[in-house]
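Undergrad: sequence first, then the predicted structure, then my questions.
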Amino acid sequence: MNKIGFSHGVLYKIMDTYTKEAFDVYAAAGSEIIEICFAKDYEINKLPSIIPFVKNYSYRSIHLPSNVRYGNNAATKELLTKVMNFYRAISADLALVHPDIVDDWSVFDAFPLVWATENMDNRKRSHKNVDDIEHFFNRNSGWKLVLDLNHCYSNDTSMRLAEELIEKFRDKIAEVHLSGYTKYHEPLYQTKQEAILQFCRQTKAPIIIESTFTSPAEVEKEMDYIKNFLQKNHQQK
């Protein structure tokens with residue numbers, strides 16, 4: 001089965017996610033892997049404090065902030081230098097950038113990390129469908145793809161889009177983002193959206209849960225629900 005873990009920000013509604021307490025919740029729920037998501041650029045100064053909490057995970061990725069635009073300029077280079085230092089400190093496997101906020105992709109060339117982008121949700125104007133993603137890879141062939149199944153569902157509830165993205169870019173998929181979808185990132189143990197979950201078994205990539213929670217108990221419920229679904233499907237194959 002796929003390795004499964006959490007985005008470290010999924011408890012942001014109820015606690016400071018840059019504390020050992022938050023990481024203890026994920027570990028107690030059985031998280032094997034972790035994605036460090038610092039949504040705002042100023043949070044980068046908090047990253048050194050969590051290095052001891054991250055190193056024991058078998059897979060570690062970094063989700064770069066979405067409140068800035070990335071261009072070939074001094075501000076972006078300063079941010080990416082700090083990202084690279086943290087990436088190396090935790091021996092990260094991948095660094096993820098939202099494609100809709102990049103003005104100049106060449107700035108990333110000076111930073112030798114494993115870079116990935118992801119398919120966007122229905123609020124965005126681009127990078128949502130197969131043609132968008134193919135156009136991206138034609139220009140950025142060395143990059144990877146994070147397949148966001150929530151975003152697929154927001155664009156196409158039939159999930160044909162997810163099927164097409166997997167068929168076309170299977171060799172590019174390095175990670176899967178997973179959560180339920182009614183309005184945002186609802187827990188799957190609540191939405192029971194097996195139409196989303198079933199696509200996890202079509203790739204062996206690590207699964208990062210992005211559902212948002214209002215209690216530590218919900219974290220464990222979500223992990224159990226997802227693992228039970230995947231285990232059941234694994235046994236039926």
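TA: Cool, the structure landed. Remember, it's a predicted structure, so these values are computed and weren't measured experimentally.
Undergrad: ok, Pro65 to His135 distance?
TA: 24 Å (Cβ to Cβ, to the nearest Å). Bear in mind the C-beta positions are built from the backbone N, C-alpha and C, glycine included.
Undergrad: so those two - more neighbours on which side?
TA: In this view Pro65 and His135 are compared by other Cβ atoms under 10 Å, and Pro65 has more residues nearby, 19 against 13.
Undergrad: I'd say that one and Ile36 touch.
TA: No: contact criterion Cβ atoms under 8 Å: Pro65 and Ile36 do not qualify, at 11.2 Å.
Undergrad: packing partners for the biggest helix by length in the chain?
TA: Longest helix in the chain by number of residues (criterion: DSSP state H): helix 216-236. Applying 3 or more Cβ pairs under 8 Å, 6 or more residues apart in numbering; DSSP states H and E, we find helix 216-236 packed against strand 4-7, helix 20-28, helix 188-191, helix 194-197, strand 207-209.
Undergrad: any weak-confidence spans in this structure?
TA: Flagging of the chain using pLDDT under 70 yields the residue ranges 233-237.
Undergrad: which element is the most centrally placed residue in it on?
TA: Among the residues of the chain, the one closest to the centroid is His177, at 4.6 Å (Cα atoms, centre = their mean). Under the assignment given by DSSP states H and E, the secondary-structure element containing His177 is strand 173-178.
Undergrad: which residues does that strand contact?
TA: With Cβ atoms under 8 Å, 6 or more residues apart in numbering as the contact definition, strand 173-178 has outside contacts at 2, 7, 35, 61, 93-94, 96, 114, 116, 118, 144-151, 166, 188, 196-197, 200, 203, 205-211, 226.
Undergrad: same thing but 7 Å
TA: Applying Cβ atoms under 7 Å, 6 or more residues apart in numbering, the set of residues contacting strand 173-178 from outside is 61, 94, 116, 118, 144-150, 166, 200, 203, 205-210.
Undergrad: strand partners (parallel or antiparallel) of that strand?
TA: Sheet pairing for strand 173-178, assigned by DSSP bridges, gives strand 144-148 (parallel), strand 207-209 (parallel).
Undergrad: so which elements touch the next helix or strand after the longest one?
TA: Read that as strand 144-148. Of the helices and strands lying after strand 144-148 in sequence (DSSP H and E), the nearest is helix 149-155. Counting contacts by 3 or more Cβ pairs under 7 Å, 6 or more residues apart in numbering; DSSP states H and E, helix 149-155 packs against helix 160-169, strand 173-178.
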